[in-house]
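prediction below, plus the sequence it came from.
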Amino acid sequence: MIAQAIGLAGLALLGLPTSAQPSAASRGTVLTSPSPRTANPADDPAEWRDQRRVELRRHWDKLEGKPAPPLAPLSEWTNSEAVDWKDLRGKVVLIDYWATWCGPCRKGIPHLKELQKKFSEDGLVVLGIHSARGWEKMGALAKSSKIDYPLAADKRQVLGQTLGVQFLPSYFAVDRDGVMRVAGAERSQLDAIVEGLLSEPVPGAQSEPESAATGDSIWPRKVEKRLYGADLRGKRAPALEATEWLTSQPDLAGKVVLYDLWATWCAPCRNGIPKLNEYQKIFADDLVVISVSNEDADTVRSFAEKTHMGYSLAIDGGKLKRAIRAQAIPHVIVVSSDGIVRWQGVPHLFPDGLNKATLQRIIDGNRRLQSESDGGR
């Protein structure tokens, strides 16, 4: 029986309380590979492929080395807006063709979550495509299982028929160029497949000339995406006018500043707190994280007393949110020491989520900015 559907964990936007999980982030930096692989599927290890069904293997072999089939037939996206292969350019995509009613599919979810967590910042996107039957339960299962990668449904079985899905789960791996590298992947080889394809360089990646130190090339590229607010990227950031600091007011001199618009009732905001803690700890010498809420101070203070938030907390009555015209939270802007917004968006959304690699690039650029400024005095 052919089954197809895509499922993703819940997404919370537009300022409404929701239980969505943050999704893995997108990568905007240059990757280098000590031993880049060839992009020819025929040269990939044979053990990557499920060889148990000869006729099906013949169909899958015909798909390899060609552009992956369009994602346009998919709907009911969860944890992501609808994406196409152009949005996933430079990513390695592991497709899990599954169903909520499939026992082996559900059993495999923890491993897929582990892969997404381990390799998301290297450019991996796990994409769950649900079968045509039972997709209505996809969102509920995504929420209960805390699935944090994109899911969608193939209601008309268009993609499933193209992929030749005859059993669930079925796995497919697409490389950074959008080419189907492994159709009908052997499930015991998923780790090896992911690591192998991630070892390949990002298409078009090249070193940036040192002479471009203060130019646009040192900052993360501007990605076309829905911002849920005014596009401030490359423009001067609005000033934070805090009415009250719940922590000591930080010294921002020479630092990169991450402003996080959030609320205590917002599930994606709460889910992002561990990441903000991690960023502040890892980049303590170069980054200041400031979470800004328009709630009353007592509400936020009570929440913070029960939740580890290892960064600065400010109340501003919604001034920054209005200045940015933010329509959804969490909403983040990352500002270099010259006051210019270098990254902006909902931090867990494809195709350009916020991650350590993006922050490192901004910090490296800011150091060069500071170095040139010091040298010019």
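Structure's in. What do you need? Numbers count the residues shown, from 1 in each chain.

Lys225: which element?
Assigned by DSSP states H and E, Lys225 belongs to no helix or strand.

tell me how the chain divides into domains.
For the chain, the structural domains run 5-198, 212-375, going by automatic domain parsing.

can you add mean neighbour count and mean pLDDT and give those back as JSON lines?
Where C-beta positions appear, they are placed from N, C-alpha and C, glycine not excepted. Shown next, in JSON lines, are the domains of the chain (neighbours: other CB atoms under 10 Å; pLDDT from 0 to 100):
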{"stretch": "domain 5-198", "mean neighbour count": "19", "mean pLDDT": "83"}
{"stretch": "domain 212-375", "mean neighbour count": "18", "mean pLDDT": "92"}
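
residue boundaries of the helices in this structure?
Along the chain, counting by DSSP state H, helices occupy 54-63, 103-119, 138-144, 158-163, 190-198, 267-271, 273-282, 297-306, 319-324, 356-375.

for the nearest residue to Pro351 once chain neighbours are set aside, what are phi and psi?
Among residues not flanking Pro351 along the chain, Asp87 sits closest, at 3.8 Å (CB to CB, 6 or more residues apart in numbering). Dihedral pair for Asp87: phi -70, psi -20, per degrees, to the nearest 10.

isn't Asp87 right next to Phe350, touching?
Yes: at 6.6 Å, Asp87 and Phe350 qualify as touching, with contact defined as CB atoms under 8 Å.

in TSV: the helices of the chain, plus distance to Gln249.
Listed next are the helices of the chain as TSV, based on distance: least, CB to CB, whole Å:
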stretch	distance to Gln249
helix 54-63	57
helix 103-119	34
helix 138-144	38
helix 158-163	52
helix 190-198	41
helix 267-271	22
helix 273-282	15
helix 297-306	14
helix 319-324	15
helix 356-375	21
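
so which of those helices gets nearest Lys235?
helix 319-324 (10.9 Å; CB to CB).

I'd like to know which elements the closest one is packed against.
Secondary-structure packing of helix 319-324 (3 or more CB pairs under 8 Å, 6 or more residues apart in numbering; DSSP states H and E): strand 256-261, strand 331-335.

how far off centre is that helix?
A distance of 24 Å separates the centroid of the chain from that of helix 319-324, by CA atoms, centre = their mean, to the nearest Å.

any chance of the helices and strands packed on helix 319-324 in CSV, plus distance to Asn355?
Formatted as CSV, the helices and strands packed on helix 319-324 follow (distance: least, CB to CB, whole Å):
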stretch, distance to Asn355
strand 256-261, 12
strand 331-335, 11
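
list the contacts of Val125.
Residues in contact with Val125 (CB atoms under 8 Å, 6 or more residues apart in numbering) are 24, 88, 91-94, 116, 149-150, 350.

same question for Gln370.
The neighbours of Gln370, taking CB under 8 Å, 6+ apart as the test, are 254, 337.

can you check Gly178 too?
Listed by CB under 8 Å, 6+ apart, the contact set of Gly178 reads 67-68, 85, 88-89.

closest one of the residues you listed to Val158?
Nearest to Val158 out of the contacts of Gly178 is Ala68 (CB to CB; 13.4 Å).

measure the closest one to Leu124 for me?
15 Å (CB to CB, to the nearest Å).

equivalent analysis for Glu55, please.
In this view, Glu55 and Leu124 are 31 Å apart by CB to CB.

and what of Leu313?
Using CB to CB, we find Leu313 at a distance of 33 Å from Leu124.
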